[in-house]
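S.K.: This is a predicted model, with the sequence first.
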Amino acid sequence: MMLPSNYQHIVLRGLPYERGHTHGEQARQKILDSLAHYHAPGKLLPWETSLRIIKEVYLPGIEKYFPEALPELQGIADGAGVDLDEILFLNARYDLARVRGSTIRPCPSSSNTSPSKVAVNGHGTQNDMQELQECTTAGFLAESMSNGDIILAQNWDMSANVYLKDTAVYLEIHPDASEDLPAMFVMTEAGQLGRSGFNSAGLGVCASSLMSTEDYFPLDLSLPPGSPQEPLLPMSLVRRQFLHNTNFANALINVKNAPRHLSNKLIVGTADNFIMSLEITPGSVHLGYPSNGDNFVVASNHFTSESFQASQWNDRYPGGSSWFRAVRVDQRVRPSNNKQLTEESITEAFCDHLSLPSSVCQHMEDCTVKNVPDYPYKGAQTTLAHVRYNLTKRTTSVCKGPPCMGKFDQYSLPITSNLGQHENREIGVNYTIVNGKLRKQETSQ
C-alpha cells in the first residue's frame, strides 16, 4: 500500500466540542492506530499506571489550569468513539514516555526518596522505550530575511510509526466568535490538541525534547489510589495554551505558570519581530535570545542556557546528534544572516546530512544510542515533517517526511490584530466530569 505524500489537513470550526467532534470523526482511524501503537507492550507506562496519572494528575490539572480544553478533548473522544481517558493518554504521550527508569526522581511530595521503578508493559522494570524523539528548531528575525518576515522552522523527528501509519495531522482551527480566540494552525498527532503551530495574531511555537534531573514522576506513590495529587498539565497542552493567546507577554505568562513535571524546549516568536528560546524545567524557565549580532536562534535537544548550567540540575540527554544539529543549521544560515535568507534557504539548511541517517534531515533508521541507560526511545525513527511558519504573513509551508524529499503544502490563516483581546479571562462556562463524560456546570455572562 502506497503511503500518502502528505498528512491529512482537517479544518475545525465552531465551539470547542463541535471542533473536537469533527477532529475525532475525521481522524478516527488514525487515533485508533495511535492508541494501538502506544498501548503495545514496551511503548509507554502500563495502562493501569497511565490511567491513574491521567485521572489523578492530568485531568485535575486541565480542569484547574486549562478548562476550555476539556470540551474539545471530549469532542475528540466522542467523535472517535473512545473514552476521554484514551484521548488524554494521547495528549500526554510526551510526558508518559519520560517518567520511567532508574534515574527519574520521585514526586517531590513523596516521602520515598528512591527513584521511581515503574514497569514497562510486559517488560518488568526495564528502562527501554521504543521511539526516539529529537527535533531541530529555529527562529529568524526580520533582519535576517530578504523579505523582512519573521519565520519559525522545525524538523519534527520522532517514531517512524507516525510516518508509516500516517497518524500525524494538520489542524486548521477557527474558533467560534464568542470564544474571543485567534484562529490556529497546528501540526500534531491525531487526537492531540497541538504540538507546534502558529495563530492568526502572529504568535508561533516550535518544540523539542529536553531531559533533566529535575524531571519527576508525577504520582506520590506513598498515597493510596484516589488520594488528592498535585494537578499538572501535559506539555502538549502547555503549547496549545500558548496559541490561545493574542498577546505575546500573556502567552509567556501562561508558559511560566503552567504546572508541569518534565522539561521541554520551546522556540517562540511574534510577528512583532521578536523570538526567544525557553528551556523549561519543572521549576524554572531558562531564557535565550539572539545575541552577538545574530538575528536568529537555533535549538536541538540539550540545555544550552547558562542559568541551567549554573543550577543544581543536570542534563539527562545522552548526546548524539543533538550536539551538532543546531550547530549545523547555524553554520548554514549564518552567511546569509543579514537580509539574505529566504524561506527556501532555511529549508535547505534543514536538509543537512552530516552523520546521515542521524542528521538534521533524519532518514529512517534504528536508534543509534539504544544501549544508553534510561534513554527514552529505542525504535525506528525519522524526520516526520518539516514546517516553516511565516508569522508575518500567517502562512505555513509543510512537508511530510525529510525535507530533502518531501512534497510541500501551503496553508494560511487570516491576519488578526492582538488589540482588544483578553487572554487571561473566564469564558463564562464551567465544566465537570460526570461518569467519565464532560458536563456543562453553569453558564454566565
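M.R.: Nice, thanks for sending it over. Residues are numbered from 1 along each chain as shown.

S.K.: Kindly give the local confidence score, pLDDT, for the residue nearest the centre of the chain.
M.R.: Nearest to the geometric centre of the chain sits residue 195, at 3.3 Å (CA atoms, centre = their mean). Residue 195 is assigned 95 on the pLDDT scale.

S.K.: Identify the residues contacting it.
M.R.: Residues near residue 195 by CB atoms under 8 Å, 6 or more residues apart in numbering: 156, 186, 187, 188, 189, 207, 236, 239. For every residue, glycine as well, the C-beta is placed using N, CA and C.

S.K.: hmm, 10 Å instead?
M.R.: When contacts are counted by CB atoms under 10 Å, 6 or more residues apart in numbering, residue 195 is found next to 91, 93-94, 135, 154, 156, 158, 168, 171, 186-189, 205-207, 235-236, 239-240, 385.

S.K.: List phi and psi for it.
M.R.: Here is the backbone geometry of residue 195 (degrees, to the nearest 10): phi -130, psi -60.

S.K.: Identify the residue spatially nearest to it, adjacent ones excluded.
M.R.: Take residue 195 and drop its neighbours on the chain: the residue closest to it by CB to CB, 6 or more residues apart in numbering is residue 188, 4.1 Å away.

S.K.: Helix, strand, or coil at that neighbour?
M.R.: The three-state assignment at residue 188 reads strand, by DSSP: H, G, I helix; E, B strand; the rest coil.

S.K.: residue boundaries of the strands in the stretch 201-350 of the chain?
M.R.: 203-209, 264-270, 274-280, 285-288, 296-299 (DSSP state E, counting those that start in this stretch).

S.K.: just those strands: most buried one?
M.R.: For these, average neighbour numbers computed from mean count of other CB atoms under 10 Å are highest in strand 203-209, which has a mean of 27.

S.K.: still on that earlier bit, was I right about the residue nearest to residue 195 contacting residue 243?
M.R.: No - in this structure, residue 188 is not within contact of residue 243 by CB atoms under 10 Å, at 11.3 Å.

S.K.: Of the two, which one has the most company?
M.R.: Neighbours per residue, other CB atoms under 10 Å: of residue 188 and residue 243, the larger number sits with residue 243, 28 against 22.

S.K.: Export the strands of the stretch 201-350 of the chain as TSV, with columns for distance to residue 346 and mean pLDDT.
M.R.: Formatted as TSV, the strands of the stretch 201-350 of the chain follow (distance: least, CB to CB, whole Å; pLDDT from 0 to 100):
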stretch	distance to residue 346	mean pLDDT
strand 203-209	12	98
strand 264-270	13	99
strand 274-280	13	99
strand 285-288	19	98
strand 296-299	9	98
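
S.K.: do you know which of these lies nearest residue 310?
M.R.: When the strands of the stretch 201-350 of the chain are compared by CB to CB, strand 285-288 sits nearest residue 310, at 9.7 Å.

S.K.: Extract the CA atoms of the closest one and return them as CSV.
M.R.: C-alpha atoms of strand 285-288 as CSV (Å, rounded to 0.1, in the frame of the first residue of the first chain):
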residue,chain,number,x,y,z
VAL,A,285,12.1,28.7,32.6
HIS,A,286,15.7,29.4,31.3
LEU,A,287,15.7,32.1,28.6
GLY,A,288,17.7,32.5,25.5
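
S.K.: Appreciated, that's everything.
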